[in-house]
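Novice: Pasting a predicted model and its sequence here:
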Amino acid sequence: MNEGNDPVHQHHLHLISDATGETVNSVARACLVQFDAIEPIEHIWTLVRTRGQLDKAIAAIEANPGPVLYTMVDDSLRGTLIDACHRLNVAAVDILDPVMHALAGHFRLAGSRRPGRQHTLDSVYFDRIEAMDFAIAHDDGQGVDRLEHADVVLVGVSRTSKTPTCIYLAQRGVRAANVPIVPNLPLPQALFRTRAPLIVGLTKDPARLVDVRRTRLRAMGERNEAGSYADLETVAAEVQQARRLCAQRGWPVIDVTRRSIEETAAAIFTLLQEHRKVVAQ
């Protein structure tokens, strides 16, 4: 995102994958955010596993020259793409090749080089699906009688990103539940009896929380934004009470004010690993 006054320059970028393209897209986005004045025009080619499919991608590169990022395990197709990019004088980067070489050297084994193996319908895949079902069934205080089956339980006042964080964790195979902290409403006793490995409090700066809640009210068509739900003094007290509760219970707290969902989830992963080590001792 260009936040300054520099002019924005458009450049073609070709993302080619023999699988779903998730990996190459993630790497591209992680790198592109470092270039404020660049607006990429992305050409995305997925499930490229035949010469005919690859030829179409190469024709697009020729029509709109630009860097090529790719993940492709078939040696023949890789060679064809590399030769084409060399002929067209465009950069081509295999984003998996350095990692594969490093791992193969360390393990002293050759990789199987089968496209899309990370999407195989194995036990890990079904664990992620089960975790997603669990997060949905235990969202916003639902299913509190089964909290002991969660890997992590998130608690916090309204609009502290509990639900999206749980969904993100579920995509990584973590069974996450969340319970809201509501003023003048006692938390379910099951939360205090639960044998869940970890309970984490999420909090946010009160002023920012008020902005988010007012936006939420407007989106719901609520014209009265002056109620206690979006009143700064009331919200500040609400946040302080939630923090006090977490401190009393010894629950770690993460301030999500300036964190993305991914950053919050990364912090929770660290806490979860540490907690599991303690439990295993």
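Specialist: All right, it came through fine.
Novice: Please count neighbours and contacts with C-alpha atoms only from this point.
Specialist: Noted.
Novice: Which residue ranges of the stretch 1-150 of the chain form helices?
Specialist: Taking DSSP state H, counting those that start in this stretch as the test, the helices found in the stretch 1-150 of the chain are 22-32, 51-63, 75-88, 97-107, 123-137.
Novice: in the biggest helix by length in the chain, what's buried?
Specialist: As far as residue count goes, and with DSSP state H defining each element, the longest helix of the chain is helix 261-280. Along helix 261-280, the positions that meet the burial threshold by neighbour count (16 or more other CA atoms under 10 Å) are Ile261, Thr264, Ala265, Ile268, Phe269, Leu271, Leu272.
Novice: I'd say Ile181 and Leu191 touch.
Specialist: No: Ile181 is not in contact with Leu191 according to CA atoms under 8 Å; the separation is 11.4 Å.
Novice: Show me which of these two is the more surrounded one.
Specialist: Neighbours around Ile181 and Leu191, counted as other CA atoms under 10 Å, are more numerous at Ile181. The numbers are 22 against 19.
Novice: Now do the more buried one against Asn89, distance only.
Specialist: Using CA to CA, to the nearest Å, one obtains 58 Å as the distance from Ile181 to Asn89.
Novice: Over to Gly221?
Specialist: Separation of Gly221 from Asn89 (CA to CA) stands at 54 Å.
Novice: Which of the two has more residues huddled nearby?
Specialist: Set side by side, Gly221 and Asn89 give different neighbour counts by other CA under 10 Å, the larger being at Asn89 (13 against 9).
Novice: Model confidence score at the more buried one, please.
Specialist: On pLDDT, Asn89 comes in at 97.
Novice: just the one 5 residues further on next, same as before
Specialist: At Asp94 the predicted local distance difference test score is 93.
Novice: count of neighbours near it?
Specialist: Asp94 sits with 18 neighbouring residues when counted by other CA under 10 Å.
Novice: Excluding chain neighbours, what is closest to it?
Specialist: The spatially closest residue to Asp94, leaving aside those adjacent along the chain, is Tyr70, at 5.1 Å (CA to CA, 6 or more residues apart in numbering).
Novice: The one you found bridge partners, please.
Specialist: For Tyr70, the beta-bridge assignment (DSSP bridges) gives partners Ile16, Asp94.
Novice: just checking, it touches Val93?
Specialist: Yes: under the criterion of CA under 8 Å, Tyr70 lies in contact with Val93, with a separation of 6.3 Å.
Novice: where's Ala150 relative to Ile199, distance?
Specialist: Distance, Ala150 to Ile199, by CA to CA: 10 Å.
Novice: higher neighbour count, those two?
Specialist: When Ala150 and Ile199 are compared on other CA under 10 Å, the one with more neighbours turns out to be Ile199, at 27 against 22.
Novice: excluding its backbone neighbours, what's nearest that one?
Specialist: Using CA to CA, 6+ apart, the nearest residue to Ile199 is Val153, at 4.7 Å.
Novice: Fine by me, thanks again.
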